[in-house]
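Q: Sequence first, predicted model second:
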Amino acid sequence: MRFDLTDLRLFVHIIESGTITGGAARTHMTLASASQRVIGMEESLGAPLLLRAKQGVTPTEAGRTLMHHARVVLEQIERMRGELGAYGAGLQGHVRMLCNTSAITEHLPDVLSSFLVAHPRVSVDLEERPSAEIVDAVRAGHCDIGIVSDAADVEGLRHFVFRRDDLLLVVPRGHALSRRRRIALNEILDCEFVGLGQGSPLQELVAMQARRLGRRLFFRVRVRSFEAVCRMVEKGVGVGIVPRAAADRCAASMKIGRIAIADAWAARCLLACVRREDDLALNARRMLEHLLSAAPAGA
């Protein structure tokens, strides 16, 4: 039984995409060539690796075992590349990161750009996902580092505070509440809200807290970004709840007021999480160290 690195990468890509076609595309291979490689792997093993259906493919028990070992081997290769790169071998490093909306829009741009300037031979794959999906991806080895809300279940992962991410109420300047410094959710449930779109984890969090109080939020409009929420609030459409970093940034150019939310659930942190630091390739470890060293005091 002999599988090469291309076989292993192809198989991981097939399982992650759910189809041989998708795996072939991600491996930059024709469908015919990918299919032949899978058949060759199954013949070499003497057992099927995939269950094929019209909707796609799923791994057999043997396939799941291969998937586990393939990821270990590929991660070790990436770690070797990163460590050799430190000796000037000219090899390029690669870091895979998944981050929630607040992290990717408000906190990462400056930190990430400074890392890339300091490490010109390292590339970063950065993708936005909900926190719950991110922790699952970190556990499964689909990414090196995840940045999530501290409301996510990070059991079994190594995690570190990256940034404070408290939620604030934003109101139009001159609003009846604008002189308040702190306010509880139950005091604003009669307000009209500007919210994020359906499926937004932050919006689901706020809606859940309202339900616990036996109420529902009334949304005048839903928009796609924190900046759009603040812009609508500035125009007097309603009030909104956004992370402090977004509120502070928008308040510099918009006529909005910011009010701390007194409820405990609004005091949040962003966590950087990994499976184990020792399992990270050199460049991923460098990225984690950079993220944590860039965290402000008291974050």
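A: That came through, no problem.
Q: Only C-alpha atoms from now on, for both contacts and neighbour counts.
A: Noted.
Q: As a check, name the ranges of all strands in the stretch 1-150 of the chain.
A: Listed in chain order, the strands of the stretch 1-150 of the chain (DSSP state E, counting those that start in this stretch) span residues 50-53, 56-59, 93-99, 122-128, 145-149.
Q: contact partners of the last one?
A: Spelled out, that is strand 145-149. By Cα atoms under 8 Å, 6 or more residues apart in numbering, the residues outside strand 145-149 that reach it are 96-100, 103, 130-132, 134-135, 138, 162, 268-274, 284, 288.
Q: thinking again about what came up before, mind putting the strands of the stretch 1-150 of the chain in CSV, distance to P243 and mean pLDDT included?
A: Putting the strands of the stretch 1-150 of the chain into CSV (distance: least, Cα to Cα, whole Å; pLDDT from 0 to 100) gives the following:
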stretch, distance to P243, mean pLDDT
strand 50-53, 44, 94
strand 56-59, 39, 94
strand 93-99, 15, 89
strand 122-128, 16, 89
strand 145-149, 11, 97
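Q: show me what contacts M41?
A: Residues counted as contacts of M41 (Cα under 8 Å, 6+ apart) are 3, 7.
Q: correction: D7
A: 37-38, 41.
Q: mind giving me a markdown table with the residues you listed and columns for pLDDT and distance to A262?
A: Supplementary listing: the contacts of D7 in a markdown table, determined by pLDDT from 0 to 100; distance: Cα to Cα, whole Å:
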| residue | pLDDT | distance to A262 |
| --- | --- | --- |
| R37 | 94 | 58 |
| V38 | 94 | 57 |
| M41 | 93 | 59 |
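Q: Okay, and which of those map to helices?
A: 37-38, 41 (DSSP state H).
Q: now the residue nearest to the spatial centre of the chain: how far from L270?
A: With distances taken as Cα atoms, centre = their mean, C99 lies nearest the centre of the chain, 2.4 Å away. C99 sits 10 Å away from L270, taking Cα to Cα, to the nearest Å as the criterion.
Q: what does H119 give?
A: H119 is 24 Å from L270, by Cα to Cα.
Q: Looking at these two, which is more packed in?
A: The residue with more neighbours, out of H119 and L270, is L270; 27 against 15, by other Cα atoms under 10 Å.
Q: which residues does the more buried one contact?
A: Neighbours of L270 in contact, by Cα under 8 Å, 6+ apart: 103, 147-150, 161-165.
Q: Identify the residue spatially nearest to it, adjacent ones excluded.
A: S149 (4.7 Å; Cα to Cα, 6 or more residues apart in numbering).
Q: Tell me how many other residues crowd that neighbour.
A: Neighbours around S149, by other Cα under 10 Å: 27.
Q: Check the gap between Q55 and G236 for me.
A: 48 Å.
Q: So if I had to pick from these two, which one is more boxed in?
A: For Q55 versus G236, neighbours defined as other Cα under 10 Å are more numerous around G236 (16 against 8).
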